[in-house]
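S.K.: Sequence first, predicted model second:
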Amino acid sequence: MGSEGPAPPVTIHVTGFKKFHGVAENPTETIVNNLQDYMVKRGFPKGLILGSFTILDTAGQGALVPLCQTLQSAVNQDVNVSNPRRIIWLHFGVNSGATRFAIEHRAVNEATFRCPDEMGWKPQKVPIVPADGAISRIRETCLPVEDITNALAKMGYEVTTSDDAGRFVCNYVYYHSLRFAEQNGIKSLFVHVPLFLTINKETQMQFAAALLELLASLY
């Protein structure tokens, strides 16, 4: 019983997005690019390792290969660890009309883009993964979304739980990530953030750091 020792640390890999139609400066690009240094200054909690930081093109099908390579890299890097499945993919995306943070519970197997993505693709009612069947197919994170939301709210953040990640690139990426996570025994979570005009940069950085610490403690 007592010989198992402490659990290995949780490794969290983080992604954000580049600009896209209507959002010339994506706050998630700024958050992800600054998160490593921010956490160094803040101090890393015990049991947390920050893995990769990736800024994704705001595109669906045209960016699928680099997305899949990015997801796979986390597993490839972890092959020599004694317990290689304490991995979380944390994706940040912006909702330009939002007034609070949103912890996304699920993604839907449907791509219906309201405008062309950054590679010119504008699908309508197309399955993200045809092999998964109908566009009504849903995948859900296995992380405790309600607990995460409640904990962050108690810290004073304007945050809500969401069951609809839209049908644009955020949902597209989240669906692929949840599918990959299920296949590889790891975890995935998507979080929508507002524009910096709505919630300023410093508050958003504090929120991202608090979320990382919380995920490491909940795993």
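M.R.: Ah, there it is. Bear in mind the structure is a predicted one, so any value in this text is a computation, not a measurement.

S.K.: partners of the residue nearest to residue 152 when sequence neighbours are not counted in the sheet?
M.R.: Of all residues not flanking residue 152 in the chain, residue 159 sits nearest, at 4.7 Å (C-beta to C-beta, 6 or more residues apart in numbering). All C-beta spots, glycine's among them, are computed from the backbone N, C-alpha and C. Beta bridges link residue 159 to residue 101, judged by DSSP bridges.

S.K.: need the contact list for residue 159.
M.R.: Listed by C-beta atoms under 8 Å, 6 or more residues apart in numbering, the contact set of residue 159 reads 100-103, 149, 152-153, 207.

S.K.: repeat that with 10 Å
M.R.: 100-103, 148-153, 191, 193, 207, 210-211 (C-beta atoms under 10 Å, 6 or more residues apart in numbering).

S.K.: do the same with residue 26
M.R.: 16-20, 32, 55, 58, 92-94, 96, 193, 195-196.

S.K.: Please state the backbone phi and psi of it?
M.R.: Dihedral pair for residue 26: phi -80, psi 120, per degrees, to the nearest 10.

S.K.: SS state for the spatially most central residue of the chain?
M.R.: By C-alpha atoms, centre = their mean, the chain has its centre lying nearest to residue 91, at 1.6 Å. The three-state assignment at residue 91 reads strand, by DSSP: H, G, I helix; E, B strand; the rest coil.

S.K.: Renumber starting at 32 from here on
M.R.: Taking 32 as the first residue, the last one we looked at is residue 122.

S.K.: Residue 218 is in contact with that one, correct?
M.R.: No. Residue 122 is beyond contact range of residue 218, at 11.7 Å (criterion: C-beta atoms under 10 Å).
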